[in-house]
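Engineer: Using only what follows, build the 3D model:
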Amino acid sequence: MFDEFMLRVKVLDVLNSTPCRKIAFVAAGMSIMGYHYRYLADLINRCSVDIRFGTVDPSANGEYDDKTDTLRFKSRDPGFYATNESRALIVHECTHAIIDLAHPGGLVRRADNEATAWIAETIYRMLTGEKMTKTGDFYESLYDVAGKAIEAAPKGPPLVIDPRAVTLIGETLRGGDEVRAKAAGKIVPDVERMSGIPY
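Structural biologist: Got it, this is the predicted structure:
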């Protein structure tokens, strides 16, 4: 049986992986660096961040709840957690936790938060050698900024991603959020206040 202890082990394994250590970029003023993922792993080990099965949003495969500092994942299938898809999902949700951690009390545009998590996830996917096969402006923008961030990382300071690219990615994602929210009779806020993670 794949229990929450095994899920915790899988999340820690991803956070301490070489591809996670190589993530380095700045988007919408938010710095996302490999050492953030290692620090988040330390917070998980100290039980400052919890990991659970089950998502609040039934359409989501994973989510980070900044009110309870909890990473939530939908699937209980151990086979899922052996896939590239699950590892990328873990990076994505952990990036939301890092944004919360680094900006306690700060206001972050929801579109920027989501775009940043997608960029981190895409960098991770590319660093693991996954083939990037999806097409369209959205994915091409993602692949372009991720590739530039990977190229810049070993040469010096992290790439500051062009705000226009972050906006294109974020607004595309925001449109999808609004459609899902409207279908569920909810409203998605434009800005979120980060609650921070206690040390």
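Engineer: alpha carbons only for contacts and neighbour counts from here, please
Structural biologist: Fine.
Engineer: Show the contacting residues for residue 152.
Structural biologist: Residues near residue 152 by Cα atoms under 8 Å, 6 or more residues apart in numbering: 158-159.
Engineer: Toward the C-terminus from the one helix or strand it maps to, list the very next helix or strand.
Structural biologist: Assigned by DSSP states H and E, residue 152 belongs to helix 137-152. For helix 137-152, the following helix or strand on the C-terminal side (DSSP H and E) is strand 159-160.
Engineer: State the distance from the closest residue to residue 66 other than its chain neighbours to residue 100.
Structural biologist: In space, and not counting its chain neighbours, residue 66 is closest to residue 195: 6.2 Å by Cα to Cα, 6 or more residues apart in numbering. Here the distance between residue 195 and residue 100 works out to 6 Å (Cα to Cα, to the nearest Å).
Engineer: Which of the two has more residues huddled nearby?
Structural biologist: Neighbours were counted for residue 195 and for residue 100 using other Cα atoms under 10 Å; residue 100 has more, 26 against 19.
Engineer: quick one: the more buried one from residue 44, how far?
Structural biologist: From residue 100 over to residue 44 (counting by Cα to Cα), the distance is 14 Å.
Engineer: ranges for the strands of this protein?
Structural biologist: 24-27, 30-33, 50-53, 62-65, 70-73, 107-109, 159-160, 191-193 (DSSP state E).
Engineer: Just send those back as CSV, with distance to residue 115 and mean pLDDT too.
Structural biologist: Below are those laid out as CSV (distance: least, Cα to Cα, whole Å; pLDDT from 0 to 100):
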stretch, distance to residue 115, mean pLDDT
strand 24-27, 8, 98
strand 30-33, 11, 96
strand 50-53, 23, 94
strand 62-65, 14, 95
strand 70-73, 18, 96
strand 107-109, 10, 95
strand 159-160, 14, 96
strand 191-193, 13, 91
